[in-house]
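S.K.: have a look; sequence and predicted model below, questions after that.
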Amino acid sequence: MISPDKKINLKLLRNISFTNLFYGLLLLAVVVFCFAHFFPFLNGIGRIIVFLIVCLTLADLLLLFITASSLPASRIVPERLSNGDENEIFINLKNDYPFAISLELVDEIPIEFQKRDFKLRVKIKSGEERNVSYKLKPVRRGEFSFGFIRLSVIGILKLSKRHFKSGNHSVIKVYPSFLQMKHYELLAISNRLNEAGIKKIRKSGQQFEFDTIREYVRGDDWRNVNWKATATRSRVMLNQFQDEKSQNIYSLIDMGRSMKMPFEEMSLLDYAINASLVISNTAINKYDKAGLIAFNKSIHTILPADRRNNQMEKIQQSLYKLETGFAEPDYEMVYAFIRRKIRQRSLLILFTNIESTASLRRYSNIFGRLAREHVMLVVLFENTEVKNLLDVEAKSLDEIYIKTIAEKFILEKKLIARELNQRGVHTVLTKPAGLSVSLINSYLEFKSRGII
């Protein structure tokens, strides 16, 4: 049996390693002893080098192990991570050593990120407490597991390292892109949506009712200035109006196998989920009601349109659980369900992936029927990888064939959009990454034209 003292010693040894400088000095000593075979006077120099290495390394280790017993570290992670966005993670460190230290930090981030060479190098003064940060960009929803925080403190003489392990395993959930949602909401509040590519559309023929008085923000219409409130408060105040009637806005999300297609690491379903979260929040902020229907061969999720305070949380929780399947969507069933459950004329935003006119013909009659009863908007995704092929100059016969096929795919998408428009179905043909902006533009256009 191993005695407790030996166990402690073994544990102590596991917390020690040596630097490249240490091994470089050892190699120098070996070289000196090799040459001492031919030049005997080098034996004394070799012994001196070995003696110095041992003494300096022991001194380095004593400073690391005697002057401090721990190195506190903790991970600061948001309760939720935002899918498709850069999320900042903080590591809180405190130096309990009586001298400044250099350390190497390795955080055991979830294996889904495939960052095998992740390492941070930090310098901290004595007694200092500081946060270091790094960013993670998840590309799918779900639960992600963080491991320990591993720290390696480098000795003052740069010969040895002492290893610490801090923190605990933690599981963090990745939700649909709430950072993107908040970004557009902030731009809308400050009247800077045009910075994100969203058009300013003048409303005509609409009826509005007074909502509230608020402070002027750059970009507001001066015609709405409330001069009486401005004089009273000594600040420029505006009358804010809202649309007289609130409409139902439903996101219809196809969870079929075609939505598994990946673009820039994310699936089409995740792009659709992020965009539906943004458009739902925009609709609620515009005093409309937002709802959700997710389906494949059956209705998976139904959330009636509403604009109560907790509606966005309900939508986010519902979107978090959606996963693609391998079945084809049953649009006859969807049509029957909508006709039975949604009686009020609504805006239906369908997120699906139709790749050919042959596929469209199976559903076009259903889309046309829905468009007669509601405002129907179908989202069509541009294949960005195919489009990039058109920008490459063809230098061989094979490349000419590839470019011709790419043009055929792009033309087919435009034909699909034209055929849907002929049936009274509105379309958005957009790159997956620009979906949110395109949807907001279409929604605002519908509002301005009085379509909804």
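M.R.: Noted; the coordinates are in hand.
S.K.: packing partners of the helix or strand where residue 316 lies?
M.R.: Following DSSP states H and E, the helix or strand that holds residue 316 is helix 311-320. Judged by 3 or more CB pairs under 8 Å, 6 or more residues apart in numbering; DSSP states H and E, the packing partners of helix 311-320 are strand 170-175, helix 268-285, strand 289-295, strand 299-306. (Glycine included, C-beta is placed from N, CA and C.)
S.K.: just name the most buried of those.
M.R.: Between the helices and strands packed on helix 311-320, helix 268-285 has the highest mean count of neighbours, a mean of 26, where neighbours are mean count of other CB atoms under 10 Å.
S.K.: and that helix, how far from the chain's centre?
M.R.: Averaging C-alpha positions (CA atoms, centre = their mean, to the nearest Å) puts helix 268-285 14 Å from its chain's average.
S.K.: could you do stretch 119-132 as well?
M.R.: The answer for stretch 119-132 is 27 Å, by CA atoms, centre = their mean.
S.K.: ends of it, how far apart?
M.R.: The first and last residues of stretch 119-132 sit 12 Å apart, counting by CA to CA, to the nearest Å.
S.K.: tell me who's in contact with residue 161.
M.R.: 16-19, 64, 104, 152-155 (CB atoms under 8 Å, 6 or more residues apart in numbering).
S.K.: what residues sit buried inside the very next helix or strand once past the helix holding residue 316?
M.R.: Sequence-wise, the next helix or strand downstream of helix 311-320 (DSSP H and E) is helix 331-341. The neighbour-count check on helix 331-341 (16 or more other CB atoms under 10 Å) flags 331, 334-335, 337-338 as buried.
S.K.: with stretch 89-97 instead?
M.R.: 89, 91, 93, 95, 97.
S.K.: return the member of the residues you listed nearest to residue 384.
M.R.: Comparing the buried residues of stretch 89-97 against residue 384 with CB to CB places residue 89 closest, at 29.2 Å.
S.K.: ok, and what's touching the helix or strand that closest one falls within?
M.R.: Using DSSP H and E, residue 89 maps to strand 87-94. With contact meaning CB under 8 Å, 6+ apart, strand 87-94 is reached by 71-78, 81, 103, 105, 107, 120, 122, 124, 128-138, 149, 151, 179.
S.K.: in helices, which of those fall?
M.R.: Mapping these onto helices (DSSP state H) picks out residue 179.
S.K.: which single one of the buried residues of helix 331-341 is nearest to residue 226?
M.R.: Nearest member of those to residue 226, counting by CB to CB, is residue 338, at 42.6 Å.
S.K.: name the nearest residue to that closest one, sequence neighbours excluded.
M.R.: Ranked by CB to CB, 6 or more residues apart in numbering and with sequence neighbours excluded, the top spatial neighbour of residue 338 is residue 370, at 6.7 Å.
S.K.: now do that neighbour against residue 136, distance only.
M.R.: Separation of residue 370 from residue 136 (CB to CB, to the nearest Å) stands at 40 Å.
S.K.: more neighbours, the two?
M.R.: residue 370 (25 against 22; other CB atoms under 10 Å).
S.K.: could you pull up phi and psi at that one?
M.R.: Backbone torsions for residue 370, taken as degrees, to the nearest 10, come to phi -60, psi -40.
S.K.: and the closest residue to residue 351 other than its chain neighbours, what does it touch?
M.R.: Nearest non-adjacent residue to residue 351, counting by CB to CB, 6+ apart: residue 272, 3.6 Å away. Counting by CB under 8 Å, 6+ apart, residue 272 touches 253-254, 259, 351, 379, 435.
S.K.: restricted to strands, list those.
M.R.: Among these, the subset assigned to strands under DSSP state E consists of 253-254, 351, 379.
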